[in-house]
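J.: fold the stuff below for me.
(one chain, ligands or ions: 1)
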Amino acid sequence: MGLIKVTIDRQVLRNNFREIKRLLPPSVSVGAVVKSQAYGHGMVECARVFAQEGARFLVVSLIDEGITLRESGLEEPVLLMGGIWPQEAQDCIRYGLTPVISGLQPLKALSRAATELNQEARVHIKVDTGMGRLGVPMEEWREFLDEALSYPGVVLEGLMSHFSVADSPENSDVAYTMQQMEVFKAIVEEVRKKLPHLKWIHLANSAATLQLPQTHWNLVRPGLGLYGGLRIPQINLQEAMEVSSRILHIKRVPGGRFLSYGRAFRTTRETLVAVVPVGYALGYLRSLSNRGEMLVRGERAPVIGRVCMDLTLLDVTHIPQVELGDPVILMGGKGKQRITVFEVAQWMDTITYEVFCILGGSHPGQREYVN
Ligand SMILES: Cc1ncc(COP(=O)(O)O)c(C=O)c1O
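T.: Below is the predicted model of the structure:
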């Protein structure tokens, strides 16, 4: 009986792309990050929108995502930020995908596959300047680069790194971001002496793209900003995702009754209760119990009691005209009657990235695109 509808407004995606592009000089290209189903918005559809808007790269994590983009007819360069397993080297070249390299094993495999296929393997090398996740350790990049350049068939096309706290306004985090940038800058300067024609140099995620022009080099990699999950003054990014359902059942309950699992809510008065057929199995997490709100007939209705696997209860006493089948907005809406991803993230005690991924990604078959 579970029912969730995820609606994605393509025009909002376009506007967000343009808004980001507006801030960039023509020398800076955009690599649109569409990994993980475009943060729940649908990878292929979003990739089409951003490619039409002029994205120079489509940025994903895994080779399977890259292959899906190719099989869907997208011809833009595709950057695989998660790199590849050595056994994926041949497919990587066949599908014309560009992996980000952090270690020697995939490079060796790519060199071998390039020779076997009589083709080139284009790669970007990632240096870890402080994120501490993927990337060649910054103390080892010189030896790594020398070795990488010795592999036949491998063409080094880009150099990159990634920030860990570019979105934080805390002084110590800002200093850390600047330090990462300075480390990267010094590496870029040295690499350029050796490779003056290195094509792509990139560091910036959304937060850095929008706030730190000195981190742009010639390519930026925004993700969250394209989907409207970031608030930056003077920059008009909107949320493209709306999540809705319908009222499954309505009933009047006297005061003093316990509702839902765990007896976590007790009515204090006669209460009109609406049951919505969405729960944590569809991404409406249990942390929203007694905390979240949904929109019914343009009015906010609080979630009461524990969110269940596929059902959630709302107090709609103040919306007496409510009817079975009425639409319910879990996230989204228009104008003042709107539940933002920022609110949902706060209620869920998480970040907007995760809200988009879990609410948008739980039922991919039911995403609908408008505009
Ligand atoms: C390496 C890398 N670059 C860019 C991005 C995009 O970051 P954001 O969504 O904050 O713009 C990500 C996202 O996780 C990433 O892992």
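
J.: the residue lying closest to E239 once chain neighbours are set aside: how many residues sit nearby?
T.: Spatially, and ignoring its direct neighbours in sequence, E239 is nearest to G228 (3.8 Å; CB to CB, 6 or more residues apart in numbering). (C-beta placed from N, C-alpha, C; glycine too.) Counted with other CB atoms under 10 Å, residues neighbouring G228 total 25.

J.: could you do I125 as well?
T.: By other CB under 10 Å, neighbour count at I125 equals 23.

J.: please renumber the chain so that the first residue is 14 from this point on.
T.: Got it, the first residue is 14 from now on, which makes the last one we talked about I138.

J.: quick check: it is in a helix.
T.: No. Looking at I138 with DSSP: H, G, I helix; E, B strand; the rest coil, it is strand, so not inside a helix.

J.: the residue nearest to E252 against V25, yeah?
T.: Yes. Counting by CB atoms under 8 Å, V25 is a contact partner of G241 at 6.6 Å.

J.: now the common contact residues for those two.
T.: Q251, E252, A253 (CB atoms under 8 Å, 6 or more residues apart in numbering).

J.: can you put those residues in a markdown table and add secondary structure, neighbour count and distance to the ligand?
T.: What follows is the shared contacts of G241 and V25, written out as a markdown table (DSSP: H, G, I helix; E, B strand; the rest coil; neighbours: other CB atoms under 10 Å; distance: CB to the nearest ligand atom, whole Å):
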| residue | secondary structure | neighbour count | distance to the ligand |
| --- | --- | --- | --- |
| Q251 | coil | 13 | 16 |
| E252 | coil | 22 | 14 |
| A253 | coil | 30 | 14 |
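
J.: got the contact list for M94?
T.: So M94 contacts K48, V72, V73, S74, V113, L147 (CB under 8 Å, 6+ apart).

J.: looking at strand pairing, list the partners for the fifth one.
T.: Pointing back at V113 there. Residues in a beta bridge with V113, per DSSP bridges, are H137.

J.: where in the protein is pLDDT low?
T.: 14-15, 375-378 (pLDDT under 70).

J.: got the domain boundaries for it?
T.: 23-240, 254-383 (automatic domain parsing).

J.: does any part of the shortest one sit near the ligand?
T.: Read that as domain 254-383. No. Using CB under 6 Å from any ligand atom, we find that domain 254-383 stays clear of the ligand, coming within 6.5 Å at best.

J.: next, the distance between the ends of that domain.
T.: Terminal residues of domain 254-383 are spaced 10 Å apart (CA to CA, to the nearest Å).

J.: apart from its chain neighbours, what residue comes closest to the residue in the stretch 64-213 of the chain that the ligand sits nearest to?
T.: Going by CB to the nearest ligand atom, the ligand is nearest to H175 of the stretch 64-213 of the chain, at 4.0 Å. Of all residues beyond its chain neighbours, the one nearest H175 is M144 (4.7 Å), with distances taken as CB to CB, 6+ apart.

J.: can you show me the strands along the stretch 264-384 of the chain?
T.: 271-272, 278-279, 284-289, 306-309, 312-317, 325-328, 340-347, 350-352, 380-383 (DSSP state E, counting those that start in this stretch).
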